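Asks: here are the coordinates; sequence isn't available:
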Ligand code: SIN
């Protein structure tokens with residue numbers, strides 16, 4: 001890994017603004033998912049070491065919460081400036097550990113930084129309320145206060161943005177945050193930590209612990225000093241964390257699995273719909289929780305759609321993320337096996353393979369962008385969160401039918417539809433059961449809008465003014481003036 005600033009590559013946990021190995025000397029190896037070369041190690045911290053970080057945060061947060069929002073914002077902006085200055089190195093670190101094309105890593109760093117800048121400013125607008133009273137002697141005041149020490153567990157698919165989306169609002173309002181990054185992609189997190197110290201963040205406010213996910217998840221969800229836990233990952237683990245958090249009634253945000261329908265009506269601008277679909281489906285090799293998981297195309301345009309879509313998908317380049325192809329490798333062997341198993345099950349039950357369908361001949365960790373049709377309900381792919389570059393395409397006849405099918409899932413994260421008809425747009429947007437709906441675009445993520453789901457996709461919102469509320473508590477103050 002050739003970095004202009006090699007000090008960004010840290011192989012230690014960040015506790016109390018110092019870099020720590022595990023006292024036991026235990027480490028976890030981290031590999032490049034494209035070529036399986038080892039790129040470094042991280043400490044496998046013990047439970048006591050993780051609890052030590054919580055104790056540090058508990059003390060440090062007191063002083064941090066007493067700073068003004070403007071003082072905290074100054075530090076956050078300095079952090080964001082340093083991230084901008086080191087963007088190319090941060091992207092190299094990300095592509096080395098996650099595999100995504102360098103251009104996608106660069107755009108993720110910009111996306112990650114947008115949360116820091118947004119929340120630095122939004123933290124200055126934590127307004128309380130005064131509520132008109134029913135008696136002349138009474139006054140009712142609402143104060144908003146930081147929730148306290150927070151923890152978050154972040155995934156490998158967006159190794160930086162999923163961190164800043166949680167850390168920035170927490171820090172902006174006066175909370176401290178302990179991050180547990182995924183062990184497959186820890187170096188992006190640690191590099192962000194290095195820059196946060198350089199920006200002047202006081203010790204104990206942002207800490208990054210590494211080690212066994214299960215053990216750290218249990219400590220985060222059961223420790224009474226942690227007042228808020230934010231998790232992005234699978235629905236299975238989200239439910240476990242929620243159950244473990246019940247005895248301490250911890251405030252939670254859970255951003256869990258998705259199964260996004262992508263609906264193209266016959267009045268859509270077809271070329272734009274296909275561009276949006278490619279962006280949604282194949283970004284990060286299909287490893288996003290908001291990516292198109294089920295593509296529904298109205299019968300009248302189906303043949304034309306399939307021809308155009310297939311031509312475009314066949315033109316996508318695939319390879320080493322460092323060479324900046326359109327699509328790169330999957331995260332690990334397990335992901336490749338799951339992809340192959342979903343496809344084999346569908347083909348064995350009668351699906352038709354239109355293009356792709358295997359790994360790249362020269363790059364065995366890359367799965368080709370794939371399209372399949374003739375999907376039936378008995379196929380696993382009709383229900384699973386695919387998390388891979390396979391687009392299953394269904395045909396539908398009318399609006400009522402497609403809305404029913406789109407909603408027939410326990411998940412409710414993102415949905416997409418393409419139409420030029422305004423009345424239909426309102427009907428569809430209102431009836432789709434999801435936390436986020438995109439019309440005539442394949443990309444809805446931005447720091448200024450609320451990201452999150454309903455049903456078994458979880459709860460809580462990230463980004464936007466709503467993302468700030470997740471790190472605040474409301475204190476009602478009743479004053480008798482007599
Ligand atoms: C995710 O896949 O978890 C996040 C994707 C995004 O922010 O666009």
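Replies: That came in fine, so what should we check first? Predicted model only: the values in this text are computed from it and were never measured. Residues are numbered from 1 along each chain as shown.

Asks: what number of residues lie near residue 306?
Replies: 16 (other Cβ atoms under 10 Å). To be clear about C-beta, it is placed using only N, CA and C from the backbone, and glycine gets the same treatment.

Asks: then residue 277?
Replies: Residue 277 - counted by other Cβ under 10 Å - has 25 other residues nearby.

Asks: contacts only, for it.
Replies: Neighbour list for residue 277: 262, 264, 292, 295, 309, 391, 416, 442 [criterion: Cβ atoms under 8 Å, 6 or more residues apart in numbering].

Asks: just flag the most distant two among those.
Replies: Farthest-apart pair in those is 309 and 416; separation 14.4 Å (Cβ to Cβ).

Asks: show me where the stretch 251-400 of the chain has its strands.
Replies: For the stretch 251-400 of the chain, the strands defined by DSSP state E, counting those that start in this stretch cover 251-255, 260-264, 292-298, 352-355, 370-373, 390-396.

Asks: now those strands as a markdown table including mean pLDDT and distance to the ligand?
Replies: Formatted as a markdown table, these follow (pLDDT from 0 to 100; distance: least, Cβ to the nearest ligand atom, whole Å):
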| stretch | mean pLDDT | distance to the ligand |
| --- | --- | --- |
| strand 251-255 | 98 | 6 |
| strand 260-264 | 98 | 10 |
| strand 292-298 | 98 | 12 |
| strand 352-355 | 98 | 24 |
| strand 370-373 | 98 | 19 |
| strand 390-396 | 98 | 16 |
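
Asks: make CSV out of those and add mean neighbour count and distance to residue 120.
Replies: Shown next, in CSV, are the strands of the stretch 251-400 of the chain (neighbours: other Cβ atoms under 10 Å; distance: least, Cβ to Cβ, whole Å):
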stretch, mean neighbour count, distance to residue 120
strand 251-255, 22, 20
strand 260-264, 27, 31
strand 292-298, 25, 33
strand 352-355, 16, 45
strand 370-373, 22, 42
strand 390-396, 22, 38
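
Asks: need the ones you listed in a markdown table (columns: distance to residue 150).
Replies: Below are the strands of the stretch 251-400 of the chain laid out as a markdown table (distance: least, Cβ to Cβ, whole Å):
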| stretch | distance to residue 150 |
| --- | --- |
| strand 251-255 | 9 |
| strand 260-264 | 28 |
| strand 292-298 | 30 |
| strand 352-355 | 45 |
| strand 370-373 | 39 |
| strand 390-396 | 36 |
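
Asks: can you say which of those is nearest to residue 56?
Replies: Minimum separation from residue 56 across the strands of the stretch 251-400 of the chain (Cβ to Cβ) falls at strand 251-255, 20.8 Å.

Asks: residue 290 versus the residue in the stretch 351-482 of the chain that the ligand sits nearest to, what's the distance?
Replies: As assessed by Cβ to the nearest ligand atom, the ligand sits closest to residue 445 within the stretch 351-482 of the chain, at 3.3 Å. To residue 290, residue 445 is 7 Å away according to Cβ to Cβ, to the nearest Å.

Asks: pick out whichever of the two has more residues nearby.
Replies: More crowded of residue 445 and residue 290, by other Cβ under 10 Å: residue 290, with 25 against 19.

Asks: tell me the pLDDT at that one?
Replies: On the pLDDT scale, residue 290 is placed at 98.

Asks: can you pull the contacts of it?
Replies: By Cβ under 8 Å, 6+ apart, the contact set of residue 290 is 258, 260, 280, 413, 414, 436, 444, 445.

Asks: and if we set it to 6 Å?
Replies: Residue 290 sits next to 258, 260, 413, 414 when contact means Cβ atoms under 6 Å, 6 or more residues apart in numbering.

Asks: what of residue 273?
Replies: 264, 418.

Asks: again, 10 Å this time
Replies: Contacts for residue 273 (Cβ atoms under 10 Å, 6 or more residues apart in numbering) come out as 262-265, 295, 297, 301, 305, 308-309, 416-419, 440-442.

Asks: filter those to the buried ones?
Replies: Using 16 or more other Cβ atoms under 10 Å as the burial test, the contacts of residue 273 include 262-265, 295, 297, 301, 305, 309, 416-419, 442 as buried.

Asks: so which of the contacts of residue 277 comes closest to residue 70?
Replies: Residue 70 lies nearest to residue 442 out of the contacts of residue 277, by Cβ to Cβ, at 38.0 Å.

Asks: the closest one belongs to a strand?
Replies: No - counting by DSSP: H, G, I helix; E, B strand; the rest coil, residue 442 is not part of a strand but coil.

Asks: that one touches residue 283, doesn't it?
Replies: Yes - if you go by Cβ atoms under 10 Å, residue 442 and residue 283 touch, sitting 8.4 Å apart.

Asks: what sits in contact with each of these two?
Replies: Common neighbours of residue 442 and residue 283 (Cβ under 10 Å, 6+ apart) are 290, 291, 292.

Asks: so how far is the ligand from residue 236?
Replies: Going from residue 236 to the ligand by Cβ to the nearest ligand atom, to the nearest Å gives 15 Å.

Asks: need the contact list for that residue.
Replies: Residue 236 is in contact with 256, 257, 456, counting by Cβ under 10 Å, 6+ apart.

Asks: quick one: which of these has the most company?
Replies: Neighbour max across the contacts of residue 236 (other Cβ under 10 Å) = residue 256, 26 neighbours.

Asks: read off the pLDDT value for that residue.
Replies: Residue 256 carries a pLDDT value of 98.
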